[in-house]
Structure formats: structure tokens, C-alpha cells
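In: this is a predicted model, with the sequence first.
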Amino acid sequence: MRARPSEVAAVASIHRTASDKVLVVMAAALFGLSSIRAVTWYAGGFGVPFFDWTFYAGAVHRRLAGEQIYPGARISTLGSAAGSSYSYPPASVPLMLPFASWPVGALMWEAVIVGALLLGIWFVVRIGWPDRPLVAFAVVLTVMSLLDPVMQGVALGNVNIATAGAVGLVWARSRGAVPAAGILGVVKVFPLVLAAPLGWRSLSPLERSLPSSWSLPSRWSGPTRGRTTSQASRRVNRSAATRAG
């Protein structure tokens, strides 16, 4: 008895999905091994693991001790010993409080920034390659495993790894893009700037529910159902003329 074409297609799809998952597992293993190698190598070069994380954690420890988060009024980490200075806004210090301990906090920080990166990449490949997103995801993981700038950021615990993931979420117009970029914007300005267009788009449904005279300027809200500030003004003027008559 010959199988129906639909049954053959279903079996082929199951096999294809299984092989795609195997590729992702292999790529994830390569990414993990490359990350461990990078952490070990850069820890030997800088004398401590997660070198950039030490600056974030050091600012928290100084704040809790009642000390200045910017020692010597120096807002820079260039040429500084591990954890001895800080170059980010004061408002960013409380965000690092859960991650300031060693080794639990440092490992949690690594999990957060790498998780944000992978999440952003997944949203991008899911939109760019809808037919085989797992294969695309595996390819990206493999490429990142071979790129020293990526491995360096992971090894040092640099916040830009999470920022890259936020950029992916913004590109994919994910619901989590604005909160993620907003949180990262407390640390660095440009994630919030990148998310600003998406933020204004998220206000469009609210803007459409308001009276015409309350409409946001069109340069903010975009072409929402053809309503512009000038059109709203004309409606208000006509309404006022009717009441006056």
C-alpha cells in the first residue's frame, strides 16, 4: 500500500525538523566551548575573569560602602585596574545589584547577557528565514563562535553583548524590545535611541483612541489612519464654528 503524498510530506517534515535540532545542538555546543575557551584565555591576560563585569560590580560595592562610585571623580575605565573605576550613569548601579557577587552574580550576569543576545538573534532569524529558522540559528551560532569580538565580549562580561540582542529585538519589532532597550538605556544611551521608533509605534493605538484635538504630531505617531495635526485642527475649528452658530 502506497503512502499518501500528505503522509510522505509529514514524515519528511518530521525528519527535517529533527535534523535541524541536531544542528542547533551541535552549534550550541561549539558556542559554549568557544565561550569557555575565551573566558579562560582573557582571564589569563587580564588577571581576572569577566574583566568588564568587575567594573559593574565594583561600583555596586563602593555604593553599598558609602564610597564614591567614581573614584577620584574619574568617569572612565580605560587603563584602570579591574573594578577600580566606572564609566556609566549612576542610575545603572542599582541594576547591577543582583549581579555584584562572586561567583553567583557574575555567572548570572553572563547568563543574562548571553541569553539576551541569543533571544535577539532568534527573533531575527525567525523572521528572515521562516522556513528553516533552526538552521539559520545554528549557522549564526557557529559564525559567532569563530568571531573574536563576540567571544571577547562574552568572556569579559561586556554589556554590549546584551545590547546586540536588544538591537535584534528592535529589528524584529518584538514586544520585549522597548522594555529591554529601556533597561539597557539606563546603562548606555544608544539602545533607547534605537528603540524610540518602536516605542512611538506602540503608542499609535492609544493615540487613535484619543480625541482628534489630542493627536500626537504626525512625525511621532506616523501615518496613523491619515490623521494629522492639521486635520485635527480643522475638525476643532469646524466644531467651534458650529457651536458659535
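Out: Thanks, I have the structure now. Quick caveat: nothing in here was measured; it's all calculated off a predicted structure.

In: contacting residues for residue 99?
Out: 53, 56-57, 105-106, 108-109, 112 (Cβ atoms under 8 Å, 6 or more residues apart in numbering). For glycine as for every other residue, the C-beta is placed from the backbone atoms N, C-alpha and C.

In: let's go with 6 Å and repeat that
Out: Residue 99 sits next to 105, 108-109 when contact means Cβ atoms under 6 Å, 6 or more residues apart in numbering.

In: now, those residues that are in helices?
Out: 105, 108-109 (DSSP state H).

In: lowest-scoring secondary structure element of the chain by mean pLDDT?
Out: helix 218-221 (a mean of 37; mean pLDDT, DSSP states H and E).

In: low-confidence ranges, this structure, go.
Out: 1-15, 174-245 (pLDDT under 70).

In: which strands or helices does the longest helix seen in it pack on?
Out: Assignment by DSSP H gives helix 5-46 as the longest helix of the chain. Using 3 or more Cβ pairs under 6 Å, 6 or more residues apart in numbering; DSSP states H and E as the contact test, the elements touching helix 5-46 are helix 133-146, helix 148-156.

In: residue 21 - nearest residue in space that isn't next to it in sequence?
Out: Nearest residue to residue 21 in three dimensions, chain neighbours excluded: residue 134, at 6.3 Å (Cβ to Cβ, 6 or more residues apart in numbering).

In: against residue 42, how distant is that neighbour?
Out: 30 Å (Cβ to Cβ, to the nearest Å).

In: likewise residue 130?
Out: In terms of Cβ to Cβ, residue 130 sits 37 Å off from residue 42.

In: between the two, who's got more neighbours?
Out: residue 42 (21 against 9; other Cβ atoms under 10 Å).

In: show me what contacts the closest residue to the more buried one other than its chain neighbours?
Out: Closest residue to residue 42 apart from its sequence neighbours, by Cβ to Cβ, 6+ apart: residue 155 at 4.2 Å. Listed by Cβ under 6 Å, 6+ apart, the contact partners of residue 155 are 38-39, 42.

In: in JSON lines, list those along with distance to residue 84.
Out: Formatted as JSON lines, the contacts of residue 155 follow (distance: Cβ to Cβ, whole Å):
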{"residue": "38", "distance to residue 84": "23"}
{"residue": "39", "distance to residue 84": "21"}
{"residue": "42", "distance to residue 84": "18"}
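
In: domain assignment for this protein?
Out: 5-202, 208-244 (automatic domain parsing).
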